[in-house]
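1. Take a look and give me a structure for this.
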Amino acid sequence: MTSQSIRDAVHDGDYVRAAELFVEWAQRLPPGEAALAELAELARWTRTEVACARTHCEARIQALRDESHASSAYAR
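-> Numbers count the residues shown, from 1 in each chain. Presented below is the predicted three-dimensional model:
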């Protein structure tokens with residue numbers, strides 16, 4: 001398994017699977033600074049990806065609220 005499997009799961013929004021893969025992957029990392037650097041890079045990437053997904057979802061929710069308010073205004 002590689003960190004790419006984790007990235008794919010995160011990108012697909014399968015966060016439970018990503019967490020499972022992360023635990024498995026992290027347990028197999030060899031000790032040392034290179035492994036820690038790889039882990040840190042993956043954590044940074046994941047944080048950014050999840051923040052973007054959250055922002056996208058929040059924007060969709062706001063758009064639906066705006067649409068709902070507009071629909072109710074025209075219904076009066």
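
2. Let me see the mean pLDDT of stretch 39-46.
-> Mean pLDDT, stretch 39-46: 96.

3. Pull out the buried positions in that stretch.
-> 42, 46 (16 or more other CB atoms under 10 Å). Just so you know, the C-beta spots here come from the backbone N, C-alpha and C atoms, and that holds for glycine as well.

4. outside of it, which residues touch it?
-> Applying CB atoms under 8 Å, 6 or more residues apart in numbering, the set of residues contacting stretch 39-46 from outside is 3, 6-7, 10, 18, 22, 26, 29.

5. and what of stretch 2-9?
-> Taking CB under 8 Å, 6+ apart as the rule, stretch 2-9 contacts 15, 17-18, 21-22, 25, 38, 42, 45-46, 49.

6. Would you mind giving me the PyMOL syntax to select the buried ones in these?
-> Typed into PyMOL, the line below selects the buried ones among the contacts of stretch 2-9, using 16+ other CB under 10 Å:
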select buried, resi 18+21+22+25+42+46
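
7. I'd like to know how far Met1 sits from Leu29.
-> 11 Å (CB to CB, to the nearest Å).

8. More neighbours: which of these two?
-> Leu29 (13 against 9; other CB atoms under 10 Å).

9. Leaving out the residues flanking it, which one is nearest to the more buried one?
-> Leaving out its chain neighbours, the residue that sits closest to Leu29 by CB to CB, 6 or more residues apart in numbering is Ala35, at 4.1 Å.

10. what's the neighbour count on Asp8?
-> Neighbours around Asp8, by other CB under 10 Å: 14.

11. Model confidence at it, what's the number?
-> pLDDT at Asp8 comes out at 97.

12. Kindly list the main-chain dihedrals of it?
-> In terms of degrees, to the nearest 10, the main-chain angles of Asp8 are phi -60, psi -40.

13. Closest to Ser72 out of the contacts of stretch 39-46?
-> Checking the contacts of stretch 39-46 against Ser72 with CB to CB, the nearest one is Val10 at 36.8 Å.
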